[in-house]
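Novice: fold the following.
(2 chains)
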Amino acid sequence: MTGQAITMAATAGSGQDTAQRLGVLFDAHHQRLYRLARRLSRSADEARDLVQETFLRAAKAPASIPDGASHEEAWLVRVLVNICRDRWRRRAVHERSLPKQVAAQPTAPDPEAAAIARTMIWGALDALAPRRRAILVMYEIEGLAIPAIASLLGVAPVTVRWHLSRGRRELAAVLGGTWSRT
Amino acid sequence: MKDIRSWLREADPLRAESGLSESDAARIRNVAVASARTAPAVGLFWRGALAAAAALALMIAAGTFAARQPAAPRPATPGAASTVEPASGERRQLQFATPGGTRIIWTLDPEFQLKGVAP
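Specialist: Coordinates of the predicted model:
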């Protein structure tokens, strides 16, 4: 076997291994990632796109994915939140360049009060920075404990508490004190 | 008055939607797995480039280190002598270099004939 053939065989072999590992990774984590992505995005389409982008990044850097289910999950969650952050920044720049009236336009009006409230809440969440939003979502909706969130995002528990507090305050500012603080 | 958790849970879009459908999951999985099959070639390229850069950096570092070292004095031994092989008809030379930098060059005459021995 020539040197080139050996290199090609090794490449094919390692590519196969990576593909296999990525398949296992996807099967284990895609639903959990989708749920988080959906709560961090404006639409189901955007959430699907986020999940795909996350696994594409995993495919490009398989060596950087740590071993062990919880470490894998934390790595994927961090990648997902980073992708959200990149998009959020791009969108913020884009929206700053639009005229004020256009940027402030509400989303499609819904006659039902519940739907209006939902739109309001989700619009307010949309204004939060992605990491803060992720922390609020994980704590308030998914019911994760602060140490678990800190471990998932690779930050200190005190940072999680700080983001929670700031996030609640920012939501309150946007929505205008329509709830009791807990 | 509701608390923030109740508001957020009521507004959760996943209350009204299902999770990722099987067909969407399969499509995303295929895209990611196909991408993983081609990714290692890029990885190998960068690994090779990194190894070459590391080797180059090592060589530069070794060269710099060697240049900063003071030259060790070399003993004057017969091994320090070198000869310059002459072309046909030219004179043979023997060169010696001392540690201080002095050079001794002996030029041997090819036509020299030893005719007698001194007493």
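Novice: burial of residue A:79, as a residue count?
Specialist: Residue neighbour count, defined by other Cβ atoms under 10 Å in any protein chain shown, stands at 21 for residue A:79. Heads up, the C-betas are built off the backbone N, CA and C, glycines and all.
Novice: element containing residue 24, please.
Specialist: Using chain A here. helix A:3-40 (DSSP states H and E).
Novice: meant chain B actually
Specialist: Take DSSP H and E as the rule and residue B:24 turns out to sit in helix B:22-68.
Novice: so which elements touch that helix?
Specialist: Secondary-structure packing of helix B:22-68 (3 or more Cβ pairs under 8 Å, 6 or more residues apart in numbering or on different chains; DSSP states H and E): helix A:3-40, helix A:44-60.
Novice: what about stretch B:30-37, distance to the chain center?
Specialist: Remark: stretch B:30-37 is offset 34 Å from the chain centroid, using Cα atoms, centre = their mean, to the nearest Å.
Novice: wait, what's in contact with the nearest residue to residue A:66 once chain neighbours are set aside?
Specialist: Nearest-residue entry for residue A:66: residue A:75, 5.8 Å, with adjacent residues in sequence omitted and distances by Cβ to Cβ, 6 or more residues apart in numbering or on different chains. By Cβ atoms under 8 Å, 6 or more residues apart in numbering or on different chains, the contact list for residue A:75 reads A:58, A:64-66.
Novice: got a quick ChimeraX command for the buried subset of these?
Specialist: Entered in ChimeraX, the line below selects the buried ones among the contacts of residue A:75, by 16 or more other Cβ atoms under 10 Å in any protein chain shown:
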select /A:58,65
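Novice: looking at the contacts of residue A:75, which are in helices?
Specialist: residue A:58 (DSSP state H).
Novice: now, among the contacts of residue A:75, which is nearest to chain B?
Specialist: The closest of the contacts of residue A:75 to chain B turns out to be residue A:58 (Cβ to the nearest Cβ; 7.1 Å).
Novice: and the closest one, what pLDDT?
Specialist: Confidence at residue A:58, expressed as pLDDT, is 92.
Novice: wait, doesn't it sit right on residue A:25?
Specialist: Yes - under the criterion of Cβ atoms under 8 Å, residue A:58 lies in contact with residue A:25, with a separation of 6.4 Å.
Novice: shared neighbours of those two, which are they?
Specialist: Applying Cβ under 8 Å, 6+ apart, one finds that residue A:58 and residue A:25 are jointly contacted by A:65, A:76.
Novice: count residues in the vicinity of residue B:62, would you?
Specialist: Each residue near residue B:62 was counted by other Cβ under 10 Å, and the total is 10.
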